[in-house]
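**Student:** Could you look at this predicted model? Sequence included:
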Amino acid sequence: MTKIIQLFVVAILALGCSSNQQSKIQTTPCSSLETPETEAKIEALLAQMTLKEKAGQMLNIGLPALLAGNYWAPRDSAVFDTARFQKLIVDFAVGSIHNTPSFPATKKEWYRIIKTIQDSAMTKNRLKIPVIYGIDNIHGANYVNGSVMFPHQIAIAATWNSQLANKVGEITSYESRAASLVWNFNPNADVAMNPLWGRIAESFGEDPYLISEMTNAYIKGSQQKGLQDAASTAVCIKHFIGYGAGKNGKDRANALLPENSLRQYFLPPFENAIRNGAMGVMISSNAVNGIPCHINKYYITDILKGEMGFKGVIISDFSDIDFLVGAHLSAKDKREATKMAINAGLDLIMNPLDADIVEFIVDLVEKGEIPMSRIDDAVSRILRLKFYLNLFEVPYTNPENYTEFASQSHVDANYKTASEAITLLKNKNNILPLSSAPKVLITGYSANSMNILNGAWSRSFLGRDTTYNDPKKLTILDAIKKQMGANNVEFVEGTNYLEDINTDIAVAKAKKADYIIVCVGEIPATEKPSDINELELPKAQQDLIKKLANTKKPIVLVMVQGRPRIIKDIEPLVDAIVMAYLPGDEGGRAVSDVLFGNINPSGKLPYTYPKYSGNLLNYYHKKTDIRDVDWGYNGFYSQFEFGFGLSYTSFEYSNLVMSTESLKSAEELQISVDVKNTGTREGKEIVQLYIQDLIATVSPDSKKLVRFDKISLQQGETKTVSFTISANDLAYIGMDNKWITEDGEFEIQLGGNPKEMLKKVFYYQEK
Ligand code: BGC
């Protein structure tokens, strides 16, 4: 290829990757930016590098290791320790850095920190290779002080609006880049199968298709102008794999995943994300079938790099080389663990505290225990990402240029996302919206807290520190006072997370109120601190509702939580239930606007809300899972089903039409349905299409989501919604662990709520 043709190809590929101005998400893989030019640059650099320099590239160190004071010390300023800085940035020339200084720096402070690092790396190091900085900006640029803090991923999934996921990705990238942070350890593509898992809030829920759609939209938003653009960040999808399926629901617990489940449910979101341009994958700290993911060569090298053709960087999770030794008990020491992980295919090691990893790598290669080809593969990938991000030319960006940081339009997008996520789960006698409530009692753990609305990863790791809350943001209580006038609102805390504070006072005040709004919730937490031993909403919070119910006043329950906490005893005592998830900085406003009807709720559950702790099933279970003691098959006792959510208006579905009743492998099936707004106000509806394989050799799932669309309808308006499916949508993992579409009958289920689906059967035959 001549140089001119090469450049032309590069330009076309770059355009394909960046032309996502329209609302529809495109699928051109950004990895196609892999150009002969970049590859030649990588080779040239590699050829000059010593083994120690290569090993240095493979280390991702924690920022506090460069700073004065103890690694874990709380700080309010980032002062570099000269000796540590010299050792890590100059002598070891580390390839990558992660973490915060322990306080959320402003964009200007981040600029100073990253500029200092890059200026040294790019002048004092022999090869002048820039560092790549990774961060957990997982709901907005949450580690940049003053940024917009969006709802957590579970709420974004509940919007079922991929354009919003796209927007969140775009704004998060912009506000991260305003702080010179170029690589985001997000989005989370985990399939949250176990409702006990503490990081459900950080995931897109339990359905692989919804997760894939949302992950892709987020990636497109983050990288839409191309990775070289100063408003894009590279994503790092995580956690590969099975983190959300730990057998006991605890953080980093062993998951038992047979090959067919792995391939059917867990791999597709990652596969799609890689096809859509993800250039980073973080390995999960847990073990699958007892094998720690970090040493699973089959997963990392054969599947990720082989089958999926992944060309980007595979990074370990936090301190996972130590975890292989001290927690998994799979390696006798850190040197052996390093060898196992790198030989399994790991490229970049998140080793927060020191550079010992570099010395192990050098020694292991010198002694022939890790082949140099493996090191070259790892370093090439790291350099490739740095080239794609244009870090050699633009290692940091001037924060002053990011004039839209935390702008009104970003705040509006945040509010819109929170509003569209909120899911109305119960509305007895249409008690909501509350139009004319003269006196309201607000009580409960989450009623008056910004931290609970924002959850973990909010300026601080656990999100419990109130120091950095924006005083202009409204809690649920603040927003309701603003709506109703402070004189009409009584507030009593009632309980904290686990204990009664003053429920008696709450009950006394309730007697004088016209309505009671009880806001329950989970304590902000992630990882180990998010583990629980029972899924029930904490007893003290349930007791508050039981006591209030004795007053016979109408009760509206607002839930601010990541996980579906069991509420079967209190559900009958309340008149309305509003699920807010973890709705972020604009969540208080959005909740109030839903309660008072300024917003018509349009979210639907992205997970199954269980009723009993002994019946924790996903919606895509097997028929034998729901076999009842009376020998029937009705034993799927969810409190609320996946895909369920009410509106203040009503929708009617009719005229389900299929283009054919007998589909062949090379053909497509067009399906359409009319949706009418039969209520009294404008509303948004999520039209969901499921397919049930009626007979399959491997016992079929109850159903699977294959398409969805969110539409807006004026009062009385009808729209025809159409979907196209093909044989691929009918496929499942067969007896030989490969995708297969078997001949036979399939049922289409189409509608807006799981219990009211229109159904039709068609026949599929390969030839
Ligand atoms: C978490 C990851 C996170 C990493 C870096 C880990 O403990 O599991 O999700 O990206 O820390 O902060």
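**Tutor:** Okay, I see it. For clarity, every value in this text was computed on a predicted model and none was experimentally measured.

**Student:** for the ligand, what are the nearby residues on the chain?
**Tutor:** Within the chain, the residues that sit near the ligand (CB under 6 Å from any ligand atom) are 98, 136, 185, 238, 282, 317, 318, 527. (Glycine included, C-beta is placed from N, CA and C.)

**Student:** Serialize those to JSON lines and add fields for neighbour count, secondary structure and pLDDT.
**Tutor:** Below are the residues of the chain next to the ligand laid out as JSON lines (neighbours: other CB atoms under 10 Å; DSSP: H, G, I helix; E, B strand; the rest coil; pLDDT from 0 to 100):
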{"residue": "98", "neighbour count": "21", "secondary structure": "strand", "pLDDT": "98"}
{"residue": "136", "neighbour count": "22", "secondary structure": "coil", "pLDDT": "98"}
{"residue": "185", "neighbour count": "22", "secondary structure": "coil", "pLDDT": "98"}
{"residue": "238", "neighbour count": "24", "secondary structure": "strand", "pLDDT": "98"}
{"residue": "282", "neighbour count": "26", "secondary structure": "strand", "pLDDT": "98"}
{"residue": "317", "neighbour count": "21", "secondary structure": "coil", "pLDDT": "98"}
{"residue": "318", "neighbour count": "18", "secondary structure": "coil", "pLDDT": "98"}
{"residue": "527", "neighbour count": "17", "secondary structure": "coil", "pLDDT": "98"}
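
**Student:** from the residues you listed, which two are the most distant?
**Tutor:** Distance extremes for those: the farthest pair is 98 and 527 at 15.0 Å, using CB to CB.

**Student:** And what about the closest residue to residue 387 other than its chain neighbours, helix, strand or coil?
**Tutor:** Once flanking residues are discounted, residue 387 sits nearest to residue 38: 4.9 Å by CB to CB, 6 or more residues apart in numbering. Residue 38 falls in the helix class when you classify it by DSSP: H, G, I helix; E, B strand; the rest coil.

**Student:** Tell me the spacing between residue 38 and residue 44.
**Tutor:** If you measure residue 38 against residue 44 using CB to CB, to the nearest Å, the figure is 11 Å.

**Student:** Also residue 258?
**Tutor:** Residue 258 is 45 Å from residue 44, by CB to CB.

**Student:** can you list the weak-confidence ranges in the stretch 551-700 of the chain?
**Tutor:** Nowhere does the stretch 551-700 of the chain drop to pLDDT under 70.

**Student:** nope, the chain is what I meant
**Tutor:** The model of the chain has pLDDT under 70 over residues 1-34, 436.

**Student:** Got the domain ranges for it?
**Tutor:** Following automatic domain parsing, the chain resolves into domains at 34-401, 422-610, 651-765.

**Student:** Same list (these) but as JSON lines, adding distance to residue 620.
**Tutor:** Formatted as JSON lines, the domains of the chain follow (distance: least, CB to CB, whole Å):
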{"stretch": "domain 34-401", "distance to residue 620": "7"}
{"stretch": "domain 422-610", "distance to residue 620": "9"}
{"stretch": "domain 651-765", "distance to residue 620": "4"}
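
**Student:** I'd like to know which of those is closest to residue 630.
**Tutor:** Of all the domains of the chain, it is domain 651-765 that lies closest to residue 630, at 19.2 Å by CB to CB.

**Student:** now the end-to-end length of that closest one.
**Tutor:** 34 Å (CA to CA, to the nearest Å).

**Student:** got it, and stretch 256-268?
**Tutor:** For stretch 256-268, the end-to-end distance is 18 Å (CA to CA).

**Student:** who touches it?
**Tutor:** Under the criterion CB atoms under 8 Å, 6 or more residues apart in numbering, residues 191, 193, 208-209, 212, 241-242, 245, 247, 288-289, 303, 620, 698, 732-734, 737, 739 lie in contact with stretch 256-268.

**Student:** go on, stretch 518-525?
**Tutor:** By CB under 8 Å, 6+ apart, stretch 518-525 touches 198, 442-447, 449, 451-452, 454-456, 458, 462-464, 476, 494, 497, 537, 541, 544-545, 548, 555-563, 565, 574.
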